[in-house]
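Peer 1: The following block contains a protein sequence and its predicted model.
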Amino acid sequence: MFLWALFLIALTASYLSFQSFVDTSSKYFSASWGGMHWERQIRNSAQPRRPNGFSVLVTGASGFVGSHVSLALRRRGDGVVGLDNFNSYYDPSLKKARKALLSSHSIFVVEGDINDGKLLAKLFDVVPFTHVVHLAAQAGVRYAIENPASYVHSNIAGLVTLLEACKAAEPQPSIVWASSSSVYGLNDKVPFSELDRTDQPASLYAATKKAGEEITHTYNHIYGLSITGLRFFTVYGPWGRPDMAYFSFTRNILQGKPITVYRGKDHTDLARDFTYIDDIVKGCLGALDTAEKSTGSGGKKRRPAQFRIYNLGNTSPVTVPNLVAILERNLKVKAKRNVVEMPGNGDVPFTHANISLARAELGYKPTTNLETGLKKFVKWYLSYYGYSARGGRSL
C-alpha cells in the first residue's frame, strides 16, 4: 500500500509542479532554442561514427556523470546530443567548463529543461534517437530540506515529461536512467540487493527516486518503453560535484578550513560504497549495449518490453575518516577535523552494494579502489583550480 500511495502522491505532485513551471517559465523555453543552424548542429552531433552506432540523447550532459558518459559514447563512435539547464545548485561555471570539454569532442549540448515538452518533441522530431540516457536530476540529500520543490520539479515532473516525449517518439528509444542507492533508505540488511525492500526512504531525494522507479515501471507496462534503472552508489572522481563530501573536504583542507565529519549516534563511523566514475560509465554503457528495443508505436504497446533495475557500486565500503586520511596523504596537508553526530537530515549511516546481478547481466566489474580513484581526483582538482606543484594556488 505504501508504494501505491507514494506513486499517487508523486503523480499528483508532478502534475501540480509541471503546471506551475509551464506558467512561470514559458518565456525561457520559447527563447532558448530553434532554427535551421540549431537543427543542423543537432543532426551532426547525433550522427554515429561507427557501423550500427547509437544516436543517444543524454540529459544532464554537462553534469558530472553525464559529461563522462557523453565522452565515452563519443569516443567509441556513437552520436551524442546533450541537454542541460545549467542550474545554480552548484557553480554553473564548472558545468560550462564540462560543456566546453564536450564541445571540443564535437558534442553539442542544448541549453534547456527536461520539463520543456515542446523542446523534447522538437529534438525527437529532428533526430530519431535510438537511446536516451537520463541523468538530469536534482541531486543531494540535504538540499531537500532547503528546497523540496526542486526535487519534485526535476526528479518527478521532469521525468514524466521526458517519458511522455519518449512514448510519442517514432521510433521509441530505449531508456537508461539514474536512480540512486538512496532508495534503500532505512534498510539495514547489507549488502543492498535489488530484491531488498525500498519502501522506507530516509530523505525526500530518495522518495523522488523511488517514485521514479514506480513511474518508469508504469510507462514500461502501459506504453512498451524499454527501461533500465541504475542505482548509483556514491560516485566520485575528476570533474565531480562540489557538494559531495570528498570534493568539499579537498577544498577546505587546501584552504586551511575545518571539515565536518559526521558519525553515527552510537559513535560508529559512517561508511560509503564509493564508486569511481570510470566504473560507473562502464556500467552505463553495459546497460545501453544490453538494452532491448522499446515495443510501442503510436503511443501504444505492441508487446511486453524490457524493464530492469541494477545496483552500480564498488562493493567495498570505506569509512569517512579513512576517506579523509587518503585525501591528507595525497594533498600532503593535515585536515582540521570537526567530528559531530550525524543530524537527522536524511543521510544514512552506510551504503554497500550487491552487484552480482549487474556483473552477470551487464558484465559490470568495478576495478578502481578509493586510494587510486582519489589520487586521480586530487590530480585533476589541483590542475583545474590552479594549484602549483609547491602547494600554493597559482595567481
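Peer 2: That came in fine, so what should we check first?
Peer 1: Where does the spatially closest residue to Cys284 that is not a sequence neighbour sit: helix, strand or coil?
Peer 2: Nearest-residue entry for Cys284: Val69, 5.1 Å, with adjacent residues in sequence omitted and distances by Cβ to Cβ, 6 or more residues apart in numbering. C-beta coordinates here come from the backbone N, C-alpha and C atoms, glycine included. Under DSSP: H, G, I helix; E, B strand; the rest coil, the three-state class of Val69 is helix.
Peer 1: Show me the shaky parts of this structure.
Peer 2: Residues of the chain that meet the criterion pLDDT under 70 lie in 1-32, 344-346, 388-395.
Peer 1: Where do the strands of the stretch 251-395 of the chain begin and end?
Peer 2: When assigned using DSSP state E, counting those that start in this stretch, the strands of the stretch 251-395 of the chain occupy the ranges 258-263, 271-272, 275-276, 296-297, 300-301, 307-312, 318-319, 336-341.
Peer 1: Can you tell me which of those is most buried?
Peer 2: Neighbour counts averaged per stretch over the strands of the stretch 251-395 of the chain are highest for strand 275-276, at a mean of 26; criterion: mean count of other Cβ atoms under 10 Å.
Peer 1: Which strands border that strand, and is each parallel or antiparallel?
Peer 2: Using DSSP bridges, the strands paired with strand 275-276 are strand 235-236 (parallel).
Peer 1: Could you give the separation of the strand it pairs with from the chain centroid?
Peer 2: When distances are taken as Cα atoms, centre = their mean, to the nearest Å, strand 235-236 is centred 10 Å away from the chain's centroid.
Peer 1: Residues in a beta bridge with Glu111, which ones?
Peer 2: Taking DSSP bridges, one finds Asp84 as the beta-bridge partners of Glu111.
Peer 1: I'd say the residue nearest to Cys284 and Lys282 touch.
Peer 2: No: under the criterion of Cβ atoms under 8 Å, Val69 makes no contact with Lys282, lying 10.1 Å away.
Peer 1: Please identify which of those two sits among more neighbours.
Peer 2: Set Val69 next to Lys282 and count neighbours by other Cβ atoms under 10 Å: Val69 wins out with 28 against 19.
Peer 1: Any chance you could list what contacts stretch 266-276?
Peer 2: Applying Cβ atoms under 8 Å, 6 or more residues apart in numbering, the external contacts of stretch 266-276 come out as 181, 232-237, 246, 262-264, 312-323, 342, 347, 349-353, 366, 368, 370, 372-373, 376.
Peer 1: Show the buried residues in these.
Peer 2: A residue is treated as buried here by neighbour count (16 or more other Cβ atoms under 10 Å); on that basis the buried members of these are 181, 232-237, 246, 262-263, 312-315, 317-320, 323, 349-353, 366, 368, 370, 373, 376.
Peer 1: Among those, name the ones in helices.
Peer 2: Using DSSP state H, the subset of the buried ones among the contacts of stretch 266-276 located in helices is Tyr246, Val320, Leu323, Leu370, Gly373, Lys376.
Peer 1: Looking at the residues you listed, which is nearest Arg74?
Peer 2: For Arg74, the nearest member of these is Lys376. The distance, counting by Cβ to Cβ, is 20.6 Å.
Peer 1: Does the closest one touch Tyr236 like I think?
Peer 2: No: no contact is recorded between Lys376 and Tyr236 when judged using Cβ under 8 Å, the distance being 9.7 Å.
Peer 1: Now stretch 109-116 - C-alpha only, PDB.
Peer 2: As requested, C-alpha coordinates have been extracted for stretch 109-116 and formatted as PDB (Å, rounded to 0.1, in the frame of the first residue of the first chain):
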ATOM      1  CA  VAL A 109      24.700  20.400 -25.700                       C
ATOM      2  CA  VAL A 110      21.300  22.100 -25.900                       C
ATOM      3  CA  GLU A 111      20.600  24.500 -23.100                       C
ATOM      4  CA  GLY A 112      17.100  23.700 -22.000                       C
ATOM      5  CA  ASP A 113      15.000  22.000 -19.300                       C
ATOM      6  CA  ILE A 114      13.600  18.400 -19.300                       C
ATOM      7  CA  ASN A 115      10.200  19.900 -18.300                       C
ATOM      8  CA  ASP A 116      10.000  21.700 -21.700                       C
END
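Peer 1: Show me which residues of it are buried.
Peer 2: Within stretch 109-116, the residues scored as buried using 16+ other Cβ under 10 Å are Val109, Val110, Gly112, Asp113, Ile114, Asn115, Asp116.
Peer 1: just stretch 326-333 next, same as before
Peer 2: Neighbour-count burial for stretch 326-333 [16+ other Cβ under 10 Å]: Ile326, Leu327, Asn330, Leu331.
Peer 1: same question, stretch 237-246
Peer 2: Those buried within stretch 237-246 under the rule 16+ other Cβ under 10 Å are Gly237, Pro238, Trp239, Gly240, Arg241, Met244, Ala245, Tyr246.
Peer 1: which residues of the stretch 51-200 of the chain fall in helices?
Peer 2: Across the stretch 51-200 of the chain, reading from the start of the chain, the helices by DSSP state H, counting those that start in this stretch fall at 64-75, 92-103, 117-126, 143-146, 148-151, 158-168.
Peer 1: need the ones you listed in a markdown table with distance to Met36, can you?
Peer 2: Rendered in a markdown table, the data for those read as follows (distance: least, Cβ to Cβ, whole Å):
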| stretch | distance to Met36 |
| --- | --- |
| helix 64-75 | 24 |
| helix 92-103 | 20 |
| helix 117-126 | 11 |
| helix 143-146 | 40 |
| helix 148-151 | 34 |
| helix 158-168 | 22 |
